[in-house]
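Visitor: starting from these lines, generate the structure:
(2 chains)
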Amino acid sequence: MLFPMSRNPEEPVYNRIEEARVALGLSRQDLADKAGVHYQTIGYLEREEYSPSLVLAIRIAKSLNQEVSELFSLTPFKKGK
Amino acid sequence: MKKLKDAKKIKVLGITVKPKNKFYWFEGVTKKGVEALLNDENSKFAWLRPQRNRRALVLLMAFGLVLVSLGSYWPTLKTDLNLSDGTSVVVYSVTAMFVILAVLGGYSLLRISVRSIADAPDELLDERQIQVRNTSIRYAYYAMGYVVLALLSLTFFGPELKLFQAEGNDGSYLMIATLFAYASMPSMVMAWRERDI
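Guide: Take a look at the predicted model:
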């Protein structure tokens, strides 16, 4: 296939960005402004279609007052935790 | 320093100074232009954002590029119109002008549809956008190989086709089409591939 549509062929990074963002009452734009990225990048991250760099993961965790390990994982998060 | 840089107008010794809009010569974009597109400042281009519309634009652009590349053969295109020499030159020139303007317009719309991400420098993009831009440029590089191959084939085999005659063909439109294709290919790839821009 000339133009494969798979965005993230490597191991996905699961996250709880949306949950943490909503808990703080932030919009995607608010979080994007805090983390210094475009609001659509937050959307891609929340849909787990894009794996952030370590720097961006730290910036997002800091913006959401969380630790990186609380926000990102290589295994799916259990619901309600 | 950052505040001064970001300020819209600065007052120095009673004189209002507007910071210069940085122009990126290599990329052919301005800082304000890219930022305006990234921040949805102009909602009149919102209709270009859906992937379906972007793909339609890519197809139209590809069709326009084919028309321009065939421009060198237009004067000798066999038609049943039976136009006099003078009339056919006028018809040919005006048509060529409109097709080139249409492709130029399509190129501008294409850049707007992908928020100029395909042409923007690193400092105006975030890490995902940089990755998307680089991937688009990589595929555009491959695609340009096919475009050049097609245009070279047209140069060699065009006169052999029964529809065309080699007479009067200086190949200038092939060059114009190649330049348009080269400039617009990364945006075309990005407009086609990306679900959300």
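
Visitor: give me the number of residues near A:Glu18?
Guide: Residues within reach of A:Glu18, counting by other CB atoms under 10 Å in any protein chain shown, total 16. In short, each C-beta sits where N, CA and C put it, glycine included.

Visitor: so it sits against A:Glu46, correct?
Guide: Yes: counting by CB atoms under 8 Å, A:Glu18 does reach A:Glu46; the two are 4.4 Å apart.

Visitor: chain A: strands as residue ranges?
Guide: Residue ranges of the strands in chain A, as given by DSSP state E, are A:14-15, A:72-73.

Visitor: no, scratch that, I was asking about chain B
Guide: B:10-12, B:15-17, B:23-24, B:29-30.

Visitor: who's in contact with A:His38?
Guide: If a contact means CB atoms under 8 Å, 6 or more residues apart in numbering or on different chains, then A:His38 has A:32, B:38, B:125-126, B:128-129 as its contacts.

Visitor: mind redoing it with 10 Å?
Guide: With contacts defined as CB atoms under 10 Å, 6 or more residues apart in numbering or on different chains, A:His38 is in contact with A:28-29, A:32, A:44, B:38-39, B:115, B:117, B:125-126, B:128-129.

Visitor: who's the closest spatial neighbour of the residue of chain B found nearest chain A, skipping the chain neighbours?
Guide: Residue of chain B nearest chain A, by CB to the nearest CB: B:Asp126 (3.9 Å). Leaving aside its sequence neighbours, B:Asp126 sits nearest to A:Val37 (CB to CB, 6 or more residues apart in numbering or on different chains; 3.9 Å).

Visitor: residue contacts, that neighbour?
Guide: Residues in contact with A:Val37 (CB under 10 Å, 6+ apart) are A:31, A:44-45, A:52, A:56, A:59-60, B:125-129.

Visitor: what is the nearest of those to B:Glu27?
Guide: B:Leu125 (11.0 Å; CB to CB).

Visitor: I'd say the closest one and B:Lys31 touch.
Guide: No: applying CB atoms under 10 Å, one finds B:Leu125 not in contact with B:Lys31, separated by 11.8 Å.

Visitor: show me where the chain has its helices.
Guide: You didn't say which chain, so I picked chain A. A:17-23, A:28-35, A:39-46, A:54-63, A:68-71 (DSSP state H).

Visitor: hmm, no, I was thinking of chain B.
Guide: Counting by DSSP H, the helices of chain B are B:2-6, B:31-38, B:51-69, B:85-113, B:127-157, B:172-193.

Visitor: for the residue of chain A found nearest chain B, give me the pLDDT.
Guide: In chain A, the residue that lies nearest chain B is A:Val37 (3.9 Å; CB to the nearest CB). With respect to pLDDT, A:Val37 scores 95.

Visitor: what does A:Ser69 give?
Guide: 92.

Visitor: looking at the strands of chain B, which has the lowest confidence?
Guide: strand B:10-12 (a mean of 65).

Visitor: who has more neighbours, B:Leu125 and B:Lys31?
Guide: B:Leu125 (21 against 17).

Visitor: contacts only, for residue 26.
Guide: Using chain A here. Contacts of A:Leu26 by CB under 10 Å, 6+ apart are A:20, A:32-34, A:42, A:63-64.

Visitor: hm, I was asking about chain B
Guide: By CB under 10 Å, 6+ apart, B:Phe26 lies in contact with B:119, B:121.
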